[in-house]
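Undergrad: pasting a predicted model and its sequence here:
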Amino acid sequence: MNTTTIASAPAAASSLQIKCEAELRRILEKHPSIFFISLASVDGRSFAHVHGVPRSDGQRIAAMTSSLLGLSESYAREACQSRCRYSVIAAETGSVVTVRIPTKSLRFALAIGATDMENLATVLRAALDGAAALARLLEQPVTSTLS
């Protein structure tokens, strides 16, 4: 069974978080081997997080996503004189792909963890496609409900 955690936020952001959560859930349902998807701000805060089994802590994942992204970008600048497009961790039991959401502000990152039953290329494709879909949501102007 999949469960969802949404960080608390003001009403305007909450609507956006719900839309982002729905996108994360869509990805999770499409790929049963994924055990978490985290949308984090680059300052390490969880914006939206969904998980399957085992349960994962959205705030801890968000903090590590931010740190990994920062380190990966520094490494890419130093080693390749270039920007980091994504980062991949290959573990004994699966993989984690981290990618910056391609918005103007570059304020968010997406991390997807999957078991080793999922092909790494498939996880990477899910992360890149998910980041593009989330970028479209995050770039939409927020309309006020106040008259």
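TA: Sure, I can see it.

Undergrad: K19 - how many residues pack around it?
TA: A count of neighbours around K19, defined by other C-beta atoms under 10 Å, yields 14. The way it works is simple: take the backbone N, C-alpha and C, and place the C-beta from them, glycine included.

Undergrad: and the next element down the chain from the helix or strand hosting it?
TA: If you go by DSSP states H and E, K19 is part of helix 11-30. Following the chain from helix 11-30 toward its C-terminal end, the next helix or strand by DSSP H and E is strand 34-41.

Undergrad: dump the C-alpha coordinates for that following strand into PDB.
TA: What follows is the C-alpha trace of strand 34-41 in PDB, where atoms were taken according to Å, rounded to 0.1, in the frame of the first residue of the first chain:
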ATOM      1  CA  ILE A  34      10.000   2.400  -7.000                       C
ATOM      2  CA  PHE A  35       9.900   2.600  -3.200                       C
ATOM      3  CA  PHE A  36      10.000   6.400  -2.800                       C
ATOM      4  CA  ILE A  37       9.800   9.600  -4.700                       C
ATOM      5  CA  SER A  38      10.800  12.900  -3.100                       C
ATOM      6  CA  LEU A  39      10.300  16.400  -4.300                       C
ATOM      7  CA  ALA A  40      12.600  18.600  -2.200                       C
ATOM      8  CA  SER A  41      13.600  22.200  -2.100                       C
END
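
Undergrad: which neighbouring elements make contact with that strand?
TA: helix 11-30, strand 46-51, helix 58-80, strand 108-115, helix 120-139 (3 or more C-beta pairs under 8 Å, 6 or more residues apart in numbering; DSSP states H and E).

Undergrad: tell me the angle that strand makes with helix 58-80.
TA: Following axes from the mean of the first three to the mean of the last three C-alpha atoms, to 10 degrees, one obtains 80 degrees for the angle between strand 34-41 and helix 58-80.

Undergrad: who does strand 34-41 pair up with?
TA: For strand 34-41, the paired strands and their directions (DSSP bridges) are strand 46-51 (antiparallel), strand 108-115 (antiparallel).

Undergrad: ok, the residue positioned nearest the centre of the chain - contacts?
TA: Centroid-nearest residue in the chain, with C-alpha atoms, centre = their mean: L110, separated by 1.9 Å. Going by C-beta atoms under 8 Å, 6 or more residues apart in numbering, L110 touches 37-40, 65, 98-101, 127, 130-131, 134.
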